[in-house]
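K.L.:
Take a look and give me a structure for this.
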Amino acid sequence: MDPNLINALATNCGCILILDLPIGTTFGIDINCWNTDTKFKGIKLIPPGLHFIFTNSNDSHGNSSFRSGFFHWFESKDIQIKQWCKNSEVLLDNELSHEEALKYKSNILSFDQDLAPYPYDSFKKWTSLTNYITKDILNKLNSKIISSCPDYTTKKFISSKKGTIKELVTTQNNDNEHNSYKSINLPKIQPDNDIKNIDDLLNIKPEYTISYTTIPKRLLYPKNSNPSDITKHNLDTSYTLQSLIIPQENEDNLKLGHELLGEIQFSFICFIYGHHFESFDQWKKLVLLLCNSETAIRSIRYTNLYIGLISVLYYHIQEIPADFFIDIIEDPSQNFLINTLNRLFNSISLPSLSDEDEGRKKLVNRAKNFKNYLRKNGYHFKSSKFVDDEYPVVIKTF
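P.N.:
Take a look at the predicted model:
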């Protein structure tokens, strides 16, 4: 790297100092991860902005424990100090006194040889995966710790074509593990009559909770809707979508709904790199809601929202194998993403009164290019608009 660039980065960038991290621990920042060696003490030259730091310990046989991580918005010259907690196997910042933290920060240069430089060759991809996550969105969603919650499940993992371990499914301990997955053996759950719900079982603390947008279990529709209207709003989820998009004061259509795109990106990072299965569920709900909102898709008001959605999904697709969703639902005849995107493409291709609008033309062109890209990369689309078990309930009047 150019020495002048290094000096510029050293002046403006941040670093994270990790104390007491065991040798052989998996440590990652953003989309990169490594197994640590004896001298590793953290990362330096971290560019300002959003970053995701994660860890999981490994035993002598190479088996991984649960993964935990956290988001942090690095400011210029920001120095973060985290200490490994042996009991909980997470990185914490409340283990040090204020005086101890100041001492480490004032002597940070003494650790320079033990700090690995941030991998800038992956920074462009990271920003593409997180460009809609603002500070406001981070503050709204963020829990202090993103954890894959190992207490009650056995984890299944799969390696992608890029060699990155991706967690796909959590199953109960008594499930049969397939040979194609690398599993972690965890203690089986003992019956406990005092357990009332999953939160009791997991003993989830507030700092582990992500404040995701609540997606209604039943699709919304206006008051006094007749059966025909209810059927319409089950087929087209635009009314539910619009109820979740609250326009900010003086906000124009260019940024309308961008907070949902930021939440989609946040949940994707938590699942793919944080192994947080509940985040996959949220990601799936939001993508399904947006792609089923035909009226919104065809409305000029939401054109930029859907241009942004296609861009977000384009970068997500590059991080997951083509058969990713088939593996999850374990039914090779169905694929959630293909069927969902098929609805999106069908709605965009329908004639609209705004077809001559430049933004609309851009959306149509972006959708065609994205669909062609998917086909070249193993995604095969059918003409069917709905998967059998996803047809909405049709209400009839007698």
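K.L.:
Could you confirm residue 302 falls within a strand?
P.N.:
No. Going by DSSP: H, G, I helix; E, B strand; the rest coil, the assignment for residue 302 is helix, not a strand.
K.L.:
Residue 13 contacts residue 43, correct?
P.N.:
No. Judged on Cβ atoms under 8 Å, residue 13 makes no contact with residue 43 at a distance of 9.9 Å. No exception for glycine: its C-beta is placed from N, CA and C like everyone else's.
K.L.:
which one of these two has more residues nearby?
P.N.:
Each of residue 13 and residue 43 has its neighbours counted (other Cβ atoms under 10 Å); residue 43 has more, 25 against 20.
K.L.:
Can you check what pLDDT the model gives residue 103?
P.N.:
Note on residue 103: pLDDT of 89.
K.L.:
And it, how close does it get to residue 96?
P.N.:
For residue 103, the distance to residue 96 (Cβ to Cβ, to the nearest Å) stands at 9 Å.
K.L.:
Residue 147 now?
P.N.:
21 Å.
K.L.:
quick one, which of these two is more surrounded?
P.N.:
More neighbours surround residue 147 than the other of residue 147 and residue 96, with 26 against 16 (other Cβ under 10 Å).
K.L.:
Ramachandran angles for the more buried one?
P.N.:
Torsion angles at residue 147 (phi, psi; degrees, to the nearest 10) stand at phi -130, psi 140.
K.L.:
do the same with residue 299
P.N.:
The phi/psi pair for residue 299 (degrees, to the nearest 10) reads phi -90, psi 140.
K.L.:
can you check residue 51 too?
P.N.:
Here is the backbone geometry of residue 51 (degrees, to the nearest 10): phi -140, psi 150.
K.L.:
I'd guess residue 54 is in a helix, am I close?
P.N.:
No. Read with three-state DSSP, residue 54 is strand and lies in no helix.
K.L.:
Distance of it relative to residue 277?
P.N.:
Residue 54 sits 15 Å away from residue 277, going by Cβ to Cβ.
K.L.:
Number of residues surrounding the residue nearest to residue 367 when sequence neighbours are not counted?
P.N.:
In space, and not counting its chain neighbours, residue 367 is closest to residue 348: 4.5 Å by Cβ to Cβ, 6 or more residues apart in numbering. The tally of other residues near residue 348 (other Cβ under 10 Å) stands at 23.
K.L.:
do residue 135 as well
P.N.:
Neighbours of residue 135 using other Cβ under 10 Å come to 11.
K.L.:
Surely it touches residue 72?
P.N.:
No. In this structure residue 135 lies outside contact range of residue 72 using Cβ under 8 Å: 11.2 Å.
K.L.:
what is in contact with residue 103 and residue 96 at once?
P.N.:
Residues touching both residue 103 and residue 96 (Cβ atoms under 8 Å, 6 or more residues apart in numbering): none.
K.L.:
Does residue 297 fall in a helix, a strand, or a coil region?
P.N.:
Secondary structure of residue 297, per three-state DSSP, is helix.
K.L.:
ok, how many other residues are close to it?
P.N.:
Neighbours around residue 297, by other Cβ under 10 Å: 27.
K.L.:
residue contacts, it?
P.N.:
238, 306, 344, 347, 348 are the contacts of residue 297 under Cβ under 8 Å, 6+ apart.
K.L.:
What are the phi and psi values at the first one?
P.N.:
Its backbone dihedrals place residue 238 at phi -60, psi -40, with angles given as degrees, to the nearest 10.
K.L.:
so when I look at residue 18, I'm seeing a strand, right?
P.N.:
Yes. Counting by three-state DSSP, residue 18 is part of a strand.
K.L.:
picking up where we left off before, which elements pack onto the helix or strand encompassing the residue nearest to residue 367?
P.N.:
Following DSSP states H and E, one finds residue 348 within helix 336-349. Here helix 336-349 touches helix 277-291, helix 294-298, helix 303-317, helix 324-329, helix 358-376, going by 3 or more Cβ pairs under 8 Å, 6 or more residues apart in numbering; DSSP states H and E.
K.L.:
again, only using 7 Å
P.N.:
With contacts taken as 3 or more Cβ pairs under 7 Å, 6 or more residues apart in numbering; DSSP states H and E, helix 336-349 sits against helix 277-291, helix 294-298, helix 324-329, helix 358-376.
K.L.:
Alpha carbons only: can I get that helix in PDB?
P.N.:
Only the C-alpha atoms of helix 336-349 are listed here, as PDB (Å, rounded to 0.1, in the frame of the first residue of the first chain):
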ATOM      1  CA  PHE A 336     -38.500 -19.100  -1.800                       C
ATOM      2  CA  LEU A 337     -36.200 -16.500  -3.500                       C
ATOM      3  CA  ILE A 338     -37.000 -17.600  -7.100                       C
ATOM      4  CA  ASN A 339     -40.800 -17.500  -6.500                       C
ATOM      5  CA  THR A 340     -40.600 -14.200  -4.700                       C
ATOM      6  CA  LEU A 341     -38.500 -12.500  -7.300                       C
ATOM      7  CA  ASN A 342     -40.700 -13.900 -10.000                       C
ATOM      8  CA  ARG A 343     -43.600 -11.900  -8.500                       C
ATOM      9  CA  LEU A 344     -41.500  -8.800  -8.400                       C
ATOM     10  CA  PHE A 345     -40.400  -9.100 -12.000                       C
ATOM     11  CA  ASN A 346     -44.000  -9.900 -13.200                       C
ATOM     12  CA  SER A 347     -45.300  -6.700 -11.400                       C
ATOM     13  CA  ILE A 348     -42.600  -4.500 -12.900                       C
ATOM     14  CA  SER A 349     -43.200  -5.800 -16.400                       C
END
